[in-house]
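Q: how would this look folded up:
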Amino acid sequence: MFHGSFVALITPFKNDRIDEETLRKLIDFHLINKTSGIISCATTGESPTIEPEEWKRILEIIVNKTKGKMKVIAYTGTNNTKKTVEKTKEAKSIGADACLIVTPYYNKPTQEGLYQHFKTIAKTVNIPILIYNVPSRTGVSIEPKTIARLAEMKNIVGIKEASGNLDQVTQIAQLCGEKFSVLSGDDSLTLPMLSVGAKGVISVVANIAPKETAEMIEFFENGNLEKAKEIHHRLFPLVKALFLETNPIPVKAACELMRLCSGELRLPLVKMSEKNLEILKTEMEKFGLI
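A: Okay, the predicted model is just below:
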């Protein structure tokens with residue numbers, strides 16, 4: 001089972017190239033701060049603008065650096081089933097522990113199309129698969145009944161649920177059972193989602209507050225709901241500041257403020273506006289990050 005705090009890791013750039021030295025430092029940051037696993041080159045890692053060879057190199061660095069000390073989940077989703085299969089095969093060959101696969105975007109398949117897409121990948125590549133449901137970005141939402149059909153396959157083991165719908169989370173938990181890992185895809189909803197059956201989070205805020213994110217889940221699992229709630233309320237304003245603009249613009253700015261990386265983005269993403277940057281700085285100062 002996948003449970004705990006998984007960071008949707010940013011991709012550090014230097015002069016429009018992957019900053020490999022900084023990437024290794026970021027991995028060390030998570031190794032010492034209770035992060036359960038790393039997701040490479042997902043939306044927060046600027047997947048649309050990562051070239052295939054860069055994607056491969058980033059995953060190789062993460063796999064080699066972690067050496068089994070934490071889970072490594074490769075983002076391999078596309079809106080082309082054949083291409084996703086090939087990318088998932090490559091992730092397995094590099095040494096990823098699992099793959100995160102988004103519902104196909106833009107072409108908006110039906111529920112049967114979604115089922116056949118994930119079924120084909122799971123039957124072709126023997127690696128644990130986490131479905132990624134984020135309708136605000138893809139234009140399509142996978143329904144709980146479809147997820148339950150897919151959960152019958154041995155290597156479809158969980159979902160990153162970012163619909164923002166607690167009813168959906170409840171239904172998935174009811175239909176799929178304890179062995180299926182529901183992971184929050186919305187930092188502000190992680191604690192509420194834990195209360196209805198989620199097992200953890202794939203987190204943006206964990207890029208800058210990994211220890212607190214992991215401890216909130218740990219406290220919840222150990223039955224210390226008051227401590228979990230306390231951390232949730234501390235994190236909440238920071239999380240909201242991280243989504244004042246399109247992710248990962250604010251979290252890259254935050255990492256730069258913490259001197260974790262340069263904050264460089266690739267077009268069409270641009271630097272955070274000064275007005276919103278000031279709000280972010282204020283929340284980071286309140287949290288004690290800067």
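
Q: what pairs with residue 161 across the strands?
A: With beta bridges defined as DSSP bridges, residue 161 has these partners: residue 133, residue 184.

Q: contacting residues for it?
A: Contacts for residue 161 (Cβ atoms under 8 Å, 6 or more residues apart in numbering) come out as 133, 168-169, 172, 182-185, 193, 198. C-beta here means a position set from N, CA and C on the backbone, and glycine is covered the same way.

Q: Equivalent analysis for residue 174, please.
A: residue 197.

Q: Let me know the secondary structure of it.
A: Look at residue 174: counting by DSSP: H, G, I helix; E, B strand; the rest coil, its state is helix.

Q: Can you give me the neighbour number for residue 163?
A: Counted by other Cβ atoms under 10 Å, the residues lying close to residue 163 total 18.

Q: That one reaches residue 134, doesn't it?
A: Yes - if you go by Cβ atoms under 8 Å, residue 163 and residue 134 touch, sitting 7.4 Å apart.

Q: Quick check: neighbours shared by these two?
A: Both residue 163 and residue 134 are contacted by residue 185, under the criterion Cβ under 8 Å, 6+ apart.

Q: which residues of the chain fall in strands?
A: In the chain, the strands defined using DSSP state E lie at 4-8, 13-14, 17-18, 37-40, 71-75, 98-102, 129-133, 156-161, 181-184, 200-203.

Q: what's the last one in contact with?
A: If I follow you right, that is strand 200-203. Outside strand 200-203, the residues that touch it by Cβ under 8 Å, 6+ apart are 2-8, 36, 39, 42, 100, 160, 181, 183-185, 187, 190, 193-194, 213, 217.

Q: likewise the fourth one?
A: When contacts are defined by Cβ under 8 Å, 6+ apart, strand 37-40 is touched by residues 2, 4, 6-9, 27, 30, 45, 55, 58-59, 62, 66, 70-75, 96-97, 100, 202.

Q: Only the buried members of these: can you turn that into a ChimeraX selection?
A: Typed into ChimeraX, the line below selects the buried ones among these, using 16 or more other Cβ atoms under 10 Å:
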select :2,4,6,7,8,9,27,30,45,55,58,59,62,66,70,71,72,73,74,75,96,97,100,202
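
Q: what about the closest residue in space to residue 168 that isn't next to it in sequence, distance to residue 169?
A: Nearest residue to residue 168, sequence neighbours excluded (Cβ to Cβ, 6 or more residues apart in numbering): residue 144, at 6.1 Å. Distance check for residue 144 against residue 169: by Cβ to Cβ, to the nearest Å, it reads 9 Å.

Q: Equivalent analysis for residue 207, please.
A: From residue 207 over to residue 169 the distance is 23 Å, taken as Cβ to Cβ.

Q: picking up where we left off before, nearest to residue 246, of the strands of the chain?
A: strand 4-8 (14.0 Å; Cβ to Cβ).

Q: what separates that closest one from the chain centre, distance-wise?
A: 7 Å (Cα atoms, centre = their mean, to the nearest Å).

Q: quick one: contacts of that strand?
A: Residues from elsewhere that reach strand 4-8 (Cβ under 8 Å, 6+ apart): 30, 34-39, 42-45, 71, 73, 183, 199-204, 206-207, 210, 213-214, 216-218.

Q: picking that back up, distance to residue 280 for the contacts of residue 161 - can I get that in a markdown table?
A: Converted to a markdown table, the contacts of residue 161 look like this (distance: Cβ to Cβ, whole Å):
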| residue | distance to residue 280 |
| --- | --- |
| 133 | 27 |
| 168 | 30 |
| 169 | 28 |
| 172 | 32 |
| 182 | 29 |
| 183 | 25 |
| 184 | 22 |
| 185 | 21 |
| 193 | 24 |
| 198 | 27 |
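
Q: Which one of the residues you listed is nearest to residue 50?
A: Ranked by distance to residue 50 (Cβ to Cβ), these are led by residue 185 at 19.6 Å.

Q: pretty sure the closest one is in contact with residue 168, am I right?
A: No - taking Cβ under 8 Å as the definition, residue 185 is not a contact partner of residue 168, at 11.2 Å.

Q: So residue 81 sits against residue 122, correct?
A: No - counting by Cβ under 8 Å, residue 81 does not reach residue 122; the two are 11.4 Å apart.

Q: who's more crowded, these two?
A: residue 122 (23 against 18).

Q: just checking, that one touches residue 130?
A: No - the criterion here is Cβ under 8 Å, and residue 122 misses it with residue 130 at 11.1 Å.
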